[in-house]
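>>> take a look and give me a structure for this.
(one chain, ligands or ions: 1)
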Amino acid sequence: MTTRMTPTATNIESRNGAEPFCQTERNEPATSTPLEMSELQSGLLHPRPSPYVGNYIVFRIDDRRDGRRFVERLGRFVASAAEWSADAKAWLTITITYQGLRALGVPQDSLDSFPPEFREGMAARADVLGDTGASAPENWEQPLGSSDVHIALAAIAPDASRLNVLLDEIESSRRDLAAVTEIWRQECYALPNDREAFGFKDGISHPAIEGSGIAGSNPKEDPLKAGEFILGYRNELGDITPMPQPDVLGRNGTYVVFRKLHQNVAAFRQYLRAHAKDVADEELLAAKFVGRWRSGAPLSLSPDRDDPELGADATRNNDFLYKDDDPRGLKCPIGSHIRRMNPRDAVVTGVVRLHRMIRRGTNYGPHLPEGVLDDDGADRGLCFVFVGASLTRQFEFVQTQWVNDGRFISAPAEKDPLVGGSGGQCPFTVPARPIRRRLQGLPTFVTTRGGEYCFAPSLSALRWIAELTT
Ligand code: HEM
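Reported below is the predicted structural model:
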């Protein structure tokens, strides 16, 4: 039985007490190893060009030999990050859950070398993550959160015809394998304008990763150590991020968090309508929630009005910090979504660079037509995808301390206004002169419909799994 702990700044960042959340190996040589791009699955590090369409597909493995054959065949369709191209026909990413590794016959001592939270799985971490009430696992879409979720694929392509070619390849890899069953599928997409269901441009901010050659979107942020995202490399603590064993399984792998997040767009629009003075004020309030205007233009650079040209300009739309330019949040509220999720250089409790993440989220479901305020009952939202080397220090920390708690910004009663489950209880403060604006009773706009913790093995590790003889 694992002791359930909530990842806090104190238990993560104090090195002496760090073991449960910072499983690091000390005394490694000071030189950093070059990142082996030819070993990494291509869908992980590179931001994807939009528009695109895709499917998430989940399989159950009832016989390890069939499962391994499936992994071996799928592996042929996975390009390495070294071969990544924006013009690729499609991107396939293979991820495997703890239960999936077991079903594939990965030896027990190796399974035991994975961190406890990965072994427990996302549903078992519901109380830590704040997945309660409507977001609780008993209300999740089946079979998400169950022990049947073994292999989860992300199949993404620039258009439907190229996606169908990849989906056919996946299906023909499985067809004669009676013990591999597809148990869940979710269509997803990114629009040409990158808007998510609430109407904001998404996929703007992403970190640079040392040794990858992939530029970050904020010229003011130094590249992060590769060990923050890929196992087996030096991380921001100066340590080698530990790997599950044997090395061939762990090295160049990473963790992937998948969460299907339903967005109640009608409730979002109704709240804005009810609390804003006029249409322009609705847009300002929406921007204050997110920290960006719908076009993607950041409040930090354009505090008073939207600037679609700035929003569309990838060289400028993430080029800002907070500490000197906006210490009190008069432009971008300290409690807004993007400032909570990445406080950059702002003064907060904790060390921001230890809690960064790669996001690979996609939309699902039809957009609610502009201007509609009533819920049409359609299922729509975000398939949130996190990529990083530590589930606890990165994803769980951000979800518990920065989404669902406000103490790190000295606002204990507040949660993330966009994605925190406020349930009508929490306020949201918009700093302003001469007096701040305080909104009360924020509804829950986002509900968890299911999810899982997965491991994305390297290309060598996929072959190792396929060739197991246990
Ligand atoms: C339905 C749920 C969500 C929606 C609609 C949403 C929407 C957005 C939008 C519009 C942006 C600004 C565009 C960008 O910088 O790419 C953003 C940024 C971001 N979001 Fe979310 N988000 C959601 C959930 C989450 C969750 C659950 C997390 C983490 C646990 C998260 C972490 C981030 C991060 C790290 C950024 C970048 C912040 C920065 O570097 O400035 N988001 N999100």
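>>> rest of the way, CA atoms for contacts and neighbours
Noted.
>>> which stretches in the stretch 101-250 of the chain count as helices?
108-111, 116-120, 126-129, 160-174, 247-250 (DSSP state H, counting those that start in this stretch).
>>> out of those helices, which gets nearest to the ligand?
Smallest distance to the ligand across these (CA to the nearest ligand atom): 9.6 Å, for helix 126-129.
>>> for the nearest residue to P366 once chain neighbours are set aside, give me its contacts.
Spatial nearest neighbour of P366, chain neighbours left out: R380 (6.1 Å); criterion: CA to CA, 6 or more residues apart in numbering. Listed by CA atoms under 8 Å, 6 or more residues apart in numbering, the contact set of R380 reads 197, 262-264, 363-367.
>>> where in this protein is pLDDT low?
Residues of the chain meeting the criterion pLDDT under 70: 1-32.
>>> contacting residues around the spatially most central residue of it?
Nearest residue to the geometric centre of the chain (CA atoms, centre = their mean): F386, 2.3 Å. Contacts here follow CA under 8 Å, 6+ apart; on that basis F386 touches 255-258, 357-361, 395.
>>> hang on, L92 in a helix?
No - looking at L92 with DSSP: H, G, I helix; E, B strand; the rest coil, it is strand, so not inside a helix.
>>> what bridges to it?
A155 (DSSP bridges).
>>> measure it to Q263 for me?
As defined by CA to CA, to the nearest Å, L92 lies at a distance of 26 Å from Q263.
>>> my guess is P242 contacts L231. True?
Yes - assessed by CA atoms under 8 Å, P242 is found in contact with L231 at 6.4 Å.
>>> quick check: A90 touching S161?
No - counting by CA under 8 Å, A90 sits too far from S161 to count as a contact (10.3 Å).
>>> start from the N-terminal end of the stretch 301-450 of the chain and give the helices.
308-312, 337-341, 397.
>>> any buried residues in stretch 226-246, and which?
Across stretch 226-246, burial judged by 16 or more other CA atoms under 10 Å covers 226-235, 237-245.
>>> residues from this protein in reach of the ligand?
Residues of the chain lying near the ligand by CA under 6 Å from any ligand atom: 200-205, 261, 263, 338, 341-342, 381-382, 395, 398-399, 419, 446.
>>> residue contacts, D62?
103, 179-180.
>>> roughly how far does it sit from L177?
On the measure of CA to CA, D62 and L177 end up 10 Å apart.
>>> CA atoms of the helix or strand hosting F258 as CSV?
In the assignment (DSSP states H and E), F258 maps to strand 254-263. Output in CSV follows, covering the C-alpha atoms of strand 254-263 (Å, rounded to 0.1, in the frame of the first residue of the first chain):
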residue,chain,number,x,y,z
THR,A,254,8.6,9.9,-20.5
TYR,A,255,5.3,10.0,-18.7
VAL,A,256,2.1,11.1,-20.5
VAL,A,257,-1.0,12.2,-18.6
PHE,A,258,-4.3,12.0,-20.5
ARG,A,259,-7.4,13.7,-19.2
LYS,A,260,-10.7,14.0,-21.0
LEU,A,261,-12.0,17.4,-19.7
HIS,A,262,-15.5,18.4,-20.5
GLN,A,263,-16.0,22.2,-21.0
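>>> which parts of the stretch 51-200 of the chain are strands?
Ranges of strands in the stretch 51-200 of the chain, per DSSP state E, counting those that start in this stretch, are 52-61, 91-96, 151-157, 180-190.
>>> reformat these as JSON lines; add mean neighbour count.
Listed next are the strands of the stretch 51-200 of the chain as JSON lines, based on neighbours: other CA atoms under 10 Å:
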{"stretch": "strand 52-61", "mean neighbour count": "22"}
{"stretch": "strand 91-96", "mean neighbour count": "24"}
{"stretch": "strand 151-157", "mean neighbour count": "24"}
{"stretch": "strand 180-190", "mean neighbour count": "18"}
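>>> out of those, which comes closest to L439?
strand 180-190 (31.5 Å; CA to CA).
>>> tell me which strands and helices that closest one is in contact with?
Helices and strands touching strand 180-190, by 3 or more CA pairs under 8 Å, 6 or more residues apart in numbering; DSSP states H and E, are strand 52-61, helix 64-75, strand 362-364.
>>> now for the residue nearest to A208 when sequence neighbours are not counted: which residues touch it?
Distance criterion CA to CA, 6+ apart; nearest residue to A208, sequence neighbours excluded, is G216 at 3.7 Å. G216 is in contact with 205-209, 223, counting by CA under 8 Å, 6+ apart.
>>> next step: those residues restricted to strands.
Here DSSP state E is the test, and those give no hits in strands at all.
>>> looking at these, spot the one nearest R73.
I209 (30.0 Å).
>>> what bridges to that closest one?
L224.
>>> quick check, nearest of the contacts of G216 to the ligand?
For those, the closest approach to the ligand (CA to the nearest ligand atom) belongs to S205, at 3.9 Å.
>>> the closest one: neighbouring residues, count only.
18 (other CA atoms under 10 Å).
>>> now it, nearest residue through space, not along the chain?
S217 (5.7 Å).
>>> sorry, back to before: same list (the contacts of F386) but as TSV, adding neighbour count and distance to G133.
Supplementary listing: these in TSV, determined by neighbours: other CA atoms under 10 Å; distance: CA to CA, whole Å:
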residue	neighbour count	distance to G133
Y255	25	27
V256	26	25
V257	22	21
F258	21	20
M357	22	27
I358	23	28
R359	21	26
R360	21	26
G361	20	24
F395	22	21
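>>> next one: G145 relative to D127, how far apart?
Distance, G145 to D127, by CA to CA: 14 Å.
>>> repeat for V180
The value you get for V180 to D127, if CA to CA is used, is 32 Å.
>>> go on, R251?
Here R251 is placed at a distance of 31 Å from D127 (CA to CA).
>>> so these two - more neighbours on which side?
A direct count of neighbours by other CA under 10 Å for R251 and D127 places R251 higher, at 24 against 15.
>>> which ones are touching the more buried one?
By CA under 8 Å, 6+ apart, the contact set of R251 is 230-232, 243-244, 458, 461.
>>> would you confirm that R162 contacts A88?
No - R162 lies out of contact with A88 (CA under 8 Å); the separation is 9.7 Å.
>>> these two: which has the busier surroundings?
R162 (16 against 12).
>>> what's the closest non-adjacent residue to that one?
K89 (6.1 Å).
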